[in-house]
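Colleague: sequence and predicted model, in that order:
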There are 2 protein chains.
Amino acid sequence: MDNSAPAAPKYYRLKEELRGLVRDAEPGSPIPTERALASRYETSRTTVRQAIAELVAEGVLSRTQGKGTFVAPSSPTYVRQLTSFTDDAAAQDLRSSSRILGIEHVTADASLVSRFGMPMASELTRVERVRLINGEPLAHEAAYLPGVLDGLRGHLEGNGSLYATLSAHYGIDIAEAEDTVETMVAGPEDALLLKTEMGAPLLLIHRRGLDAEGTPVEWTRSVFRGDRFRFFARTRR
Amino acid sequence: MDNSAPAAPKYYRLKEELRGLVRDAEPGSPIPTERALASRYETSRTTVRQAIAELVAEGVLSRTQGKGTFVAPSSPTYVRQLTSFTDDAAAQDLRSSSRILGIEHVTADASLVSRFGMPMASELTRVERVRLINGEPLAHEAAYLPGVLDGLRGHLEGNGSLYATLSAHYGIDIAEAEDTVETMVAGPEDALLLKTEMGAPLLLIHRRGLDAEGTPVEWTRSVFRGDRFRFFARTRR
DNA sequence: TCAACAGATTGGCCTAGGCCAATTCGCGAT
DNA sequence: ATCGCGAATTGGCCTAGGCCAATCTGTTGA
């Protein structure tokens, strides 16, 4: 009779069931505890946790040890359109900010030179930051810039925009950017920095920034939360 | 003493351990069975399975019920660069092909019209396909094109390229494309069509194709396997 | 020689429950 | 009232093992 969906695993049916229950619920409102759900749906906590885990990965739910599981606040989805994080956020009426994890000078690694086509600069500046939207972590990125940029931290703490700072204080203008977008699974460090869970899907973006002459002047590795983020591109043939 | 990584979950340590073992292994070679690994590492099968599941999601391993778990063949990573799937594959020396799931005429839905800025065409043509690289499924996509395109199936079965067919037989030339890229988790249908696992990370891409006058002439929803695929974009300010 | 069948093997899914850590709540002392 | 402490609650992680389905393997019989 019913051969439409006979083989769907139990955790998946539960997941979709929960998704339906949550759809009309107030963001931030709690859902029943795992033990309660296991009892209500006559299943084991393991199965409930598997269903919840995928909904968390999709950004539908969020959970905290000791507190409970909640309907995820519908965080604004940040869309990457232009080349500057700060400009993009402003264009979407989002408050952007950054937490600087470190600024340091590094010597040009062979892999950096070859993989990213940087000119043979013996010294590079590395800027590692967490990018926040409305106070919530969205991305973790490390930018490499050729040369020794003195006083960069001070300038960055001022307005936050790397591109604006580079243009105003160092005469570096990024005219063109090449982005490569791929998926990634969150490890412990990513989970911590982005306040997400291990195993959550992330977007890994490598960017090469070029100036007006086509010379590479930036290479950045960014990791974005898979929920809360979309990448936009316009291509002409 | 050792406060470097005291709190890393067991399944994660096992995952990285396995990743190391597999790094130098021949693609396609089998790894020990889940039960054997559980015994060797003095853990439970549940924990082993969690470690393997993430490695499968990353494309490092692949497994089949009844057969075993294997080092994933290092599938070529398809990179989306231009606007045409067929052209991109050719540029990367990959054999591309398509499996047509259905071609049908649909009446313009309000959501289609509003969300994608299609002109008010009462009739649309919907083309649903699975795109393959070297015979392996890479993407599942559904394209909507304005108007009733007679004989489309025949032309598509000929060369496979939708854009080439539209240009040659229907006078439709896509000059510009707008892509939105986001993550997604594989459900049962996606897993089946793309020969991947439920819960595996996917890339969901919505494309709006415009002709030389800027009129929308295509809207496509594509789901790509998260391993095996990268998206490339070049942006000028 | 080869086909068919029976058992063993392997991953897919699930159960039942334990211990720990983070958080919350209530009660008692100040 | 308020602070502090301990118990209860909740998610995080793990164990041990069961049943099923898909696959493989060896044996048996035509």
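Modeller: Received the coordinates, thanks.
Colleague: count of neighbours near the closest residue to DNA strand D within chain A?
Modeller: Residue nearest to DNA strand D within chain A: residue A:33 (3.3 Å; C-beta to the nearest atom of the strand). C-betas here are computed from N, CA, C, even on glycine. Look at residue A:33: counted by other C-beta atoms under 10 Å in any protein chain shown, it has 13 neighbours.
Colleague: any idea how far DNA strand C is from it?
Modeller: Distance of residue A:33 to DNA strand C, given as C-beta to the nearest atom of the strand, to the nearest Å: 12 Å.
Colleague: can you list the buried residues in the host helix or strand of residue A:166?
Modeller: In the assignment (DSSP states H and E), residue A:166 maps to helix A:162-170. For helix A:162-170, a neighbour-count test (16 or more other C-beta atoms under 10 Å in any protein chain shown) marks A:162-166, A:169-170 as buried.
Colleague: what's the answer for stretch A:11-22, then?
Modeller: Buried-residue list, stretch A:11-22, by 16+ other C-beta under 10 Å: A:11-12, A:14-15, A:18, A:22.
Colleague: does the nearest residue to residue A:214 once chain neighbours are set aside have beta-bridge partners, and which?
Modeller: Once flanking residues are discounted, residue A:214 sits nearest to residue A:176: 7.5 Å by C-beta to C-beta, 6 or more residues apart in numbering or on different chains. Counting by DSSP bridges, residue A:176 is bridged to residue A:210, residue B:236.
Colleague: tell me who's in contact with residue A:176.
Modeller: Contact partners of residue A:176, counting by C-beta atoms under 8 Å, 6 or more residues apart in numbering or on different chains, are A:209-210, A:214, B:234-237.
Colleague: give me the buried entries from those.
Modeller: A:209-210, B:235.
Colleague: could I get those residues in TSV, plus columns for pLDDT and distance to residue A:142?
Modeller: Formatted as TSV, those follow (pLDDT from 0 to 100; distance: C-beta to C-beta, whole Å):
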residue	pLDDT	distance to residue A:142
A:209	90	14
A:210	89	19
B:235	89	20
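Colleague: kindly format the C-alpha coordinates of the worst-scoring helix or strand of chain A on mean pLDDT as PDB.
Modeller: Taking mean pLDDT, DSSP states H and E as the measure, chain A has helix A:110-116 as its least confident helix or strand, at a mean of 70. What follows is helix A:110-116, C-alpha atoms only, in PDB (Å, rounded to 0.1, in the frame of the first residue of the first chain):
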ATOM      1  CA  ALA A 110      57.200  28.800  -0.700                       C
ATOM      2  CA  SER A 111      53.600  27.600  -0.800                       C
ATOM      3  CA  LEU A 112      52.300  31.100  -0.300                       C
ATOM      4  CA  VAL A 113      54.400  32.400  -3.200                       C
ATOM      5  CA  SER A 114      53.600  29.500  -5.600                       C
ATOM      6  CA  ARG A 115      50.000  28.900  -4.700                       C
ATOM      7  CA  PHE A 116      48.800  32.400  -4.700                       C
END
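Colleague: the nearest residue to residue A:153 once chain neighbours are set aside in helix, strand or coil?
Modeller: Nearest residue to residue A:153, sequence neighbours excluded (C-beta to C-beta, 6+ apart): residue A:103, at 5.0 Å. At residue A:103 the chain is in strand, as set by DSSP: H, G, I helix; E, B strand; the rest coil.
Colleague: list the residues that contact residue A:132.
Modeller: Listed by C-beta under 8 Å, 6+ apart, the contact set of residue A:132 reads A:96-99, A:138.
Colleague: residue A:157 now?
Modeller: By C-beta under 8 Å, 6+ apart, the residues touching residue A:157 are residue A:100.
Colleague: that's a helix at it, yeah?
Modeller: Yes: Residue A:157: assigned to a helix according to three-state DSSP.
Colleague: mind checking pLDDT for it?
Modeller: What the model reports as pLDDT for residue A:157 is 82.
Colleague: for residue A:206, same thing?
Modeller: We have a pLDDT of 93 for residue A:206.
Colleague: and it, how many neighbours does it have?
Modeller: If you count neighbours by other C-beta under 10 Å, residue A:206 ends up with 17.
Colleague: for the host helix or strand of residue A:12, packing partners?
Modeller: Element membership for residue A:12, per DSSP H and E: helix A:10-23. Secondary-structure packing of helix A:10-23 (3 or more C-beta pairs under 8 Å, 6 or more residues apart in numbering or on different chains; DSSP states H and E): strand A:30-31, helix A:45-57.
Colleague: give the partner strands of the helix or strand following the last one in its sheet and their orientations.
Modeller: Toward the C-terminal end, the helix or strand that comes next after helix A:45-57 (DSSP H and E) is strand A:61-64. Using DSSP bridges, strand A:61-64 pairs in its sheet with strand A:68-71 (antiparallel).
Colleague: mean confidence score for the strand it pairs with?
Modeller: 96.
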